[in-house]
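Chemist: Sequence and predicted structure below; questions after.
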Amino acid sequence: MNATPEVLAVLDDLLASTAPDARGAIWQLSEQGRELDANLVRLPPGAEVGEHQEDVLDVLLVVLAGSGRLTPGGDGTPLDLTPTTVTWLPRASRRALAAGPDGLAYLTVHRRRPGLTIKPTVFAGEGGEAPCSLDRVCPECGRMSQESAPKYCGACGERFPER
């Protein structure tokens, strides 16, 4: 992991170089060893993101350009979104987004999602044990170490958890 601060993107430049009708993530934080995730998302005029819920993570949504509306699930009052609006989306909250007539561009920031893991499934009447080599799978990049008790991943350099 590089511990030196660096400029990763100039969001105004990314937005200016993206077609106005582009939809979805146009930039993502992708540095190795990070503990955050961030996405620059653009919705064209009138586009919507249907009602959904994030069960695990709080999300910070920062509007950069355009306008729109965030509608909380249930009986929530719609919130107007304009440039420089910062909105907290608590985990387990339901919400929908709609872009205004000029579209909507926003940055989302949240804690990095935990990596996918293999977990044993136990059904009634069945037993079993977890795979014995999970402690050799890098929690960062998923590479299997050839060492029996690895301390660092040979592919990405991430430290393995203490046992």
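Modeler: In hand now; what should we look at?

Chemist: Report the spatially closest residue to Arg136, excluding sequence-adjacent ones.
Modeler: Distances taken as Cβ to Cβ, 6 or more residues apart in numbering place Ser145 nearest to Arg136, at 4.6 Å, with adjacent residues excluded. To be clear about C-beta, it is placed using only N, CA and C from the backbone, and glycine gets the same treatment.

Chemist: Let me see the confidence value for that neighbour.
Modeler: At Ser145, the pLDDT value in this model is 74.

Chemist: Surely it touches Leu134?
Modeler: No - contact criterion Cβ atoms under 8 Å: Ser145 and Leu134 do not qualify, at 11.2 Å.

Chemist: the more surrounded of the two?
Modeler: Shown here are Ser145 and Leu134; by other Cβ atoms under 10 Å, Ser145 has more neighbours (18 against 13).

Chemist: From Pro139, how far off is the residue lying closest to Tyr152 once chain neighbours are set aside?
Modeler: Distance criterion Cβ to Cβ, 6+ apart; nearest residue to Tyr152, sequence neighbours excluded, is Arg159 at 5.7 Å. Between Arg159 and Pro139 the distance is 9 Å, computed by Cβ to Cβ, to the nearest Å.

Chemist: pretty sure Arg22 is touching Pro45, no?
Modeler: Rather than Arg, residue 22 is Ala. No - under the criterion of Cβ under 8 Å, Ala22 is not in contact with Pro45, lying 11.5 Å apart.

Chemist: Name the residues of stretch 64-71 that come out as buried.
Modeler: Leu64, Ala65, Gly66, Ser67, Gly68, Leu70, Thr71 (16 or more other Cβ atoms under 10 Å).

Chemist: who touches the lowest-mean-pLDDT helix or strand in the chain?
Modeler: Ranked by mean pLDDT, DSSP states H and E, the weakest helix or strand in the chain is strand 48-53, scoring a mean of 89. Strand 48-53 is contacted from outside by Leu43, Thr71, Gly73, Ala92, Ser93, Arg94, Arg95, Ala96, Leu97, Ala98, Ala99, using Cβ atoms under 8 Å, 6 or more residues apart in numbering.
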